[in-house]
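Chemist: Generate coordinates for the sequence data below:
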Amino acid sequence: MRPGQRNLITDIAGLRVGNADDAALKSGVTVLTADVPFTCSVAVMGGAPGTRETDLLAPDKTVPGVDALVLSGGSAFGLAAADGVMAGLRAAGRGFAVGPVRVPLAPAAILFDLLNGGDKGWSENPYPALGRAAYDAVAENFGLGSTGAGSGAQTAMHKGGLGSASLVLADGSTVGALVAVNPLGSVTTPSGRHFWAAPFEIGDEFGGLGPDPTPGLQDLPASRKSAAMAAQGNTTIAIVATDATLDKAGCQRLAVASHDGMARAIVPSHTPFDGDLVFAVSTGARAASDPGALGHATSVCLSRAIARAVWEATPAPGDLLPTVRTELQL
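Modeler: Numbering: from 1, shown residues only. Predicted coordinates:
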């Protein structure tokens, strides 16, 4: 396996991603869409999820595909980002046909970044406008780190962020991951100098720091994030995708398998205070691939994307936590 040309989820032909954020708010929105509806399902393994229209993604539900997926900060306020995305889709004539009416479908998931030091004293919910701006910005190339839904994200020890990665399989299928990283747990080992995802790194995509050389089980350090704000301010939300043909049941299994990548890159993950969620997407552009190989590849992509999110984070005034690069003086 090797990364795609961009090492982004948009290495899957037809997918595009847009980011919008507000530096004063320390929050933002990320949107994934395509020119035509795509098959999608979801798996939630965290204890505190915040979602919109995820029920329709179950394999037994009628809707065959969706028009976009929305990742947002802002906790429950951020679910309104889907309103702005729907407005953009409607203006483009997109949506599920119900007689003469078209209803755009844009399931959403949120993370909690309300206590991250940003100005949250708004008089009007800013997330619908951020959602529309993210939709209007969709492209094959997009930023990572402190941008979009990851702009105000934090891990236990460092700033979080937005990450992405891709892989091309031996049969030519492509898989990718897109993730906003804001967990209760840590993305770095107890030393703070190595990523849990290091065994899956390709080249130096998140610094080439290598695996932690300390043998055996190590105690986790006290969480800086919990000390700075609250244990409840968490959640990692992700999208994995492939061009291999999958139905909704196949996408659901892919989402479940991809959670392995989250658990390998964040310790601990899937806690009662995280809303950890993975959407899985199939564009159906290629013949079906080995589902076991797809699940392994997307889990590896997700681990790499999580580490890239934290590695690419940049410092900003008012941050409660340092970036990895700042702390390592890199």
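
Chemist: dump the residue contacts of residue 208.
Modeler: Listed by Cβ atoms under 8 Å, 6 or more residues apart in numbering, the contact partners of residue 208 are residue 201. For glycine as for every other residue, the C-beta is placed from the backbone atoms N, C-alpha and C.

Chemist: Read off the pLDDT value for it.
Modeler: Looking at residue 208, its pLDDT stands at 94.

Chemist: and what of residue 230?
Modeler: The per-residue pLDDT of residue 230 was computed as 58.

Chemist: same check, this time on the one 5 residues further on
Modeler: At residue 235, the predicted lDDT confidence score is 93.

Chemist: that's a strand at it, yeah?
Modeler: No: using DSSP: H, G, I helix; E, B strand; the rest coil, the assignment for residue 235 is coil, not a strand.

Chemist: tally of neighbours for it?
Modeler: 29 (other Cβ atoms under 10 Å).

Chemist: do residue 211 as well
Modeler: 13.

Chemist: distance of it from residue 297?
Modeler: 21 Å (Cβ to Cβ, to the nearest Å).

Chemist: repeat for residue 73
Modeler: 28 Å.

Chemist: With neighbour numbers in mind, choose between these two.
Modeler: With neighbours defined as other Cβ under 10 Å, residue 73 and residue 297 compare such that residue 73 has more, 34 against 29.

Chemist: leaving aside the residues next to it on the chain, what's closest to the more buried one?
Modeler: Distance criterion Cβ to Cβ, 6 or more residues apart in numbering; nearest residue to residue 73, sequence neighbours excluded, is residue 27 at 3.6 Å.

Chemist: report the longest helix in this structure, please.
Modeler: Identified as the longest helix of the chain according to DSSP state H is helix 291-311.

Chemist: Following the chain onward from that helix, which element is next?
Modeler: On the C-terminal side of helix 291-311, the nearest following helix or strand under DSSP states H and E is helix 324-328.

Chemist: would you say residue 29 is within a strand?
Modeler: Yes: per three-state DSSP, residue 29 lies within a strand segment.

Chemist: can you count the residues close to it?
Modeler: 37.

Chemist: Likewise for residue 330?
Modeler: Residue 330 has 10 neighbouring residues, counting by other Cβ under 10 Å.
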